[in-house]
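Trainee: I'd like to go over a predicted model; first the sequence, then the structure.
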2 protein chains.
Amino acid sequence: VPVRYVIGPEGSVDASDRGLAYGDGLFETMAVSKGAIRRLDYHLDRLRAGCARLALPLPDTAELASRVATVAAGIGHGYVKLILTRGAGARGYTPPPDPVPTVIISAGESPAAPSELRLATLRLRLGENAKLAGIKHLCRLEQVLGRVELESLDADEGLMLSTSGAVIGGTSRNLFAVCGRRLVTPELSRAGIEGVMRRSVLEASARLGIEAEAARLAPTDLVAADELFMTNALVGIQSVRRLDQTAFASRAMAARLRAALGLDDDA
Amino acid sequence: VPVRYVIGPEGSVDASDRGLAYGDGLFETMAVSKGAIRRLDYHLDRLRAGCARLALPLPDTAELASRVATVAAGIGHGYVKLILTRGAGARGYTPPPDPVPTVIISAGESPAAPSELRLATLRLRLGENAKLAGIKHLCRLEQVLGRVELESLDADEGLMLSTSGAVIGGTSRNLFAVCGRRLVTPELSRAGIEGVMRRSVLEASARLGIEAEAARLAPTDLVAADELFMTNALVGIQSVRRLDQTAFASRAMAARLRAALGLDDDA
């Protein structure tokens, strides 16, 4: 697959790029610690899955990994962001027969994140589309508008439900609920993004013998939970201190998983 | 509102533009006939409504109109496309406090369009989101994937339903059904785009004394209809010759509305 690479913040993209015109592409935001990308293989797995779903050519992953590593080398504690689009194209939704994908790589330092979150339920609902659920595509206006709504609330993150009333997650984090001895995270077959840290937590749970599953959750299930925490590739695992008017005292499962994943060493 | 203008196909956009990163913006594709934009006021109305919905600053519309007119002057029979984004920004969904919108204006000639359409129902469903319905925002992966599905079918346009089973329209056209003496078009409060030509048809119907309404339509309502036609700002009004296995003989309402709107003179 021929690819057009755009590196760095001074880069520019063709005004006819389909990523801009139609959100026709994918992205990955990867944690960098001491110049190295964390969980690169998981990010590439999700990118591959997204390409298959969108019928988008996947660039050579060895070259992607090499380019990303070069950019990451200059970063102490931060992120590398990769955008992959279907490239330039004529007007119209129909993809060009032989697209030349655009890959944009940028990077930056990350500010310190709060260790605990105040979570507020947003009024904005997420549309449901099985074909777009799970992957990290570029059509993110729902998350942008979720963040706009959050700015008027006294909270760090917004809880988003789907139109059918299922809990999906935060605007930029996945959610886990501890219900007795079970760990439950929303199933994301109709909305949401399957986060890299979510996958790591599910895999760590299996290693530790913790019963974990992805299932449909209602808001009342969260209020009844013993502990809530949220995950994101950049910030790792963050405990939820309160959801709307409900306070949560337990931090045990979050601490155990953070230790198992070596996240305290990353920061 | 300060604005960054990008004119023409050789233009380029900052790699950090939020239109590219998150689909955070709007667009309008306007018909040009003999160097003049058709229905510019309707396009600006929809752009204004979209800005209000997305909390996006609306650039000075007199300047927008002037810039668009300059680009249109060189076009015989074609289009001018305007993209408005929230401009460059730091990483993260939260909009910058003082965005400088990007406006990208491009143009081209239009190929001749078929006067009649073969329509096929797509399997892909449209997600429902009241906050994003009606406006012409940049998150268009559903339409792109609809077009990808259409390529495997023997048809000119794909009929898209929403996840709750309501008829919404084509991948790039609104739909009208003639049911006896009534004209019905899908109501678009949860999905779809309120097309400029759809608005023109509804207004022309009122002038002509034709009973017209926007209502929820099921696929069975279409099969039972006397006539179907589709609308789009560039191609005007096109009759539907068949929907899946159902043929439609009547072209009377489409012809009457095309004449009332002077569309035959545009081409």
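Mentor: Nice, I can see it.
Trainee: contacting residues for A:Asp156?
Mentor: Listed by C-beta atoms under 8 Å, 6 or more residues apart in numbering or on different chains, the contact set of A:Asp156 reads A:Pro114, A:Leu117, A:Arg118, A:Leu119. For every residue, glycine as well, the C-beta is placed using N, CA and C.
Trainee: without its sequence neighbours, what residue ends up closest to the last one?
Mentor: Put plainly, it is A:Leu119. A:Leu243 (4.6 Å; C-beta to C-beta, 6 or more residues apart in numbering or on different chains).
Trainee: looking at whatever residue of the stretch 151-267 of chain A ends up closest to chain B now. What's its pLDDT?
Mentor: Ranked by C-beta to the nearest C-beta, the top residue of the stretch 151-267 of chain A for proximity to chain B is A:Thr163, at 5.2 Å. Note on A:Thr163: pLDDT of 96.
Trainee: and the one 5 residues further on, by the same measure?
Mentor: The pLDDT attached to A:Ile168 in the predicted structure is 98.
Trainee: ok so it is a strand residue?
Mentor: Yes: judged by DSSP: H, G, I helix; E, B strand; the rest coil, A:Ile168 forms part of a strand.
Trainee: and it, how many neighbours does it have?
Mentor: Counted by other C-beta atoms under 10 Å in any protein chain shown, the residues lying close to A:Ile168 total 23.
Trainee: before we move on, what about the one 10 residues further on?
Mentor: Neighbours of A:Val178 under the rule other C-beta under 10 Å: 20.
Trainee: before we move on, what about the one 4 residues further on?
Mentor: Taking other C-beta under 10 Å as the criterion, the count of residues near A:Arg182 is 15.
Trainee: which ones are touching the spatially most central residue of chain A?
Mentor: Compute the mean C-alpha point of chain A, and by C-alpha atoms, centre = their mean the closest residue is A:Gly195, 4.4 Å away. Counting by C-beta under 8 Å, 6+ apart, A:Gly195 makes contact with A:Arg173, A:Asn174, A:Thr231, A:Asn232, A:Ala233.
Trainee: quick one: A:Asp17 and A:Ala90 touch, right?
Mentor: No: between A:Asp17 and A:Ala90 there is no contact, the gap being 11.9 Å when judged by C-beta atoms under 8 Å.
Trainee: who has more neighbours, these two?
Mentor: Set A:Asp17 next to A:Ala90 and count neighbours by other C-beta under 10 Å: A:Asp17 wins out with 29 against 10.
Trainee: so what's the residue nearest to A:Glu211 when sequence neighbours are not counted scoring on pLDDT?
Mentor: In space, and not counting its chain neighbours, A:Glu211 is closest to A:Arg182: 5.0 Å by C-beta to C-beta, 6+ apart. Here the pLDDT value assigned to A:Arg182 is 95.
Trainee: any low-confidence regions in chain A?
Mentor: Counting by pLDDT under 70, chain A contains low-confidence ranges at A:265-267.
Trainee: could you pull out the helices in it for me?
Mentor: Using DSSP state H, the helices of chain A run over residues A:18-22, A:40-54, A:61-72, A:141-150, A:196-208, A:219-223, A:252-260, A:263-266.
Trainee: winner for burial among those?
Mentor: Mean neighbour count (mean count of other C-beta atoms under 10 Å in any protein chain shown) peaks for helix A:18-22 among the helices of chain A, with a mean of 28.
Trainee: distance between the ends of stretch A:173-186?
Mentor: For stretch A:173-186, the first-to-last residue distance is 12 Å (C-alpha to C-alpha, to the nearest Å).
Trainee: now do the buried residues in that stretch.
Mentor: A:Arg173, A:Asn174, A:Leu175, A:Phe176, A:Ala177, A:Val178, A:Cys179, A:Leu183, A:Val184, A:Thr185, A:Pro186 (16 or more other C-beta atoms under 10 Å in any protein chain shown).
Trainee: between the residues you listed, which is closest to B:Leu40?
Mentor: Nearest to B:Leu40 out of those is A:Arg173 (C-beta to C-beta; 42.8 Å).
Trainee: that closest one touches A:Ala233, doesn't it?
Mentor: No: the pair A:Arg173 / A:Ala233 is not scored as a contact, 9.8 Å apart, by C-beta under 8 Å.
Trainee: any idea how many residues pack against the residue nearest to A:Glu149 when sequence neighbours are not counted?
Mentor: Spatially, and ignoring its direct neighbours in sequence, A:Glu149 is nearest to A:Leu122 (5.1 Å; C-beta to C-beta, 6+ apart). The number of residues packed near A:Leu122 is 23, by other C-beta under 10 Å.
Trainee: from the stretch 1-150 of chain A, which residue is nearest to chain B?
Mentor: A:Gly127 (2.8 Å).
Trainee: what's the separation between the residue nearest to that residue when sequence neighbours are not counted and A:Thr246?
Mentor: Nearest in space to A:Gly127, with sequence neighbours left out and distances taken as C-beta to C-beta, 6+ apart, is B:Gly127 at 2.8 Å. Going from B:Gly127 to A:Thr246 by C-beta to C-beta, to the nearest Å gives 29 Å.
Trainee: who has more neighbours, these two?
Mentor: Legend: neighbour count by other C-beta under 10 Å for B:Gly127 and A:Thr246, higher for B:Gly127 (26 against 13).
Trainee: convert the longest strand along chain A to CSV, retaining C-alpha atoms only.
Mentor: What stands out as the longest strand in chain A, according to DSSP state E, is strand A:116-126. The C-alpha coordinates for strand A:116-126 follow below in CSV (Å, rounded to 0.1, in the frame of the first residue of the first chain):
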residue,chain,number,x,y,z
GLU,A,116,-9.7,10.0,40.9
LEU,A,117,-12.7,11.1,38.9
ARG,A,118,-15.9,12.8,39.6
LEU,A,119,-18.3,11.4,37.0
ALA,A,120,-21.6,13.0,35.8
THR,A,121,-24.2,11.4,33.6
LEU,A,122,-24.6,13.4,30.4
ARG,A,123,-28.0,14.1,28.7
LEU,A,124,-26.4,13.5,25.3
ARG,A,125,-26.9,10.0,24.0
LEU,A,126,-24.7,8.0,21.7
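Trainee: tell me which strands it pairs with, and in which orientation.
Mentor: If you go by DSSP bridges, strand A:116-126 pairs up with strand A:157-162 (parallel), strand A:236-243 (parallel).
Trainee: any buried residues in it, and which?
Mentor: Those buried within strand A:116-126 under the rule 16+ other C-beta under 10 Å are A:Glu116, A:Leu117, A:Arg118, A:Leu119, A:Ala120, A:Leu122, A:Leu124, A:Arg125, A:Leu126.
Trainee: count of residues packed around A:Lys34?
Mentor: Counted with other C-beta under 10 Å, A:Lys34 comes out at 11.
Trainee: contacting residues around it?
Mentor: A:Lys34 touches A:Gly76, A:His77, counting by C-beta under 8 Å, 6+ apart.
Trainee: residues in contact with the longest strand of chain A?
Mentor: With contacts defined as C-beta under 8 Å, 6+ apart, strand A:116-126 is touched by A:142, A:145-146, A:149-150, A:153-163, A:168, A:170-171, A:191-192, A:219, A:228, A:230, A:238-244, B:127, B:129-131.
Trainee: now, which of the contacts of A:Asp156 sits nearest A:Val1?
Mentor: Using C-beta to C-beta, A:Leu117 comes nearest to A:Val1 of the contacts of A:Asp156, at 39.6 Å.
Trainee: name the nearest residue to the closest one, ignoring sequence neighbours.
Mentor: In space, A:Leu117 is closest to A:Asp156, 4.6 Å off (C-beta to C-beta, 6+ apart).
Trainee: just A:Pro114 next, same as before
Mentor: Nearest to A:Pro114 is A:Asp156, by C-beta to C-beta, 6+ apart, at 6.1 Å.
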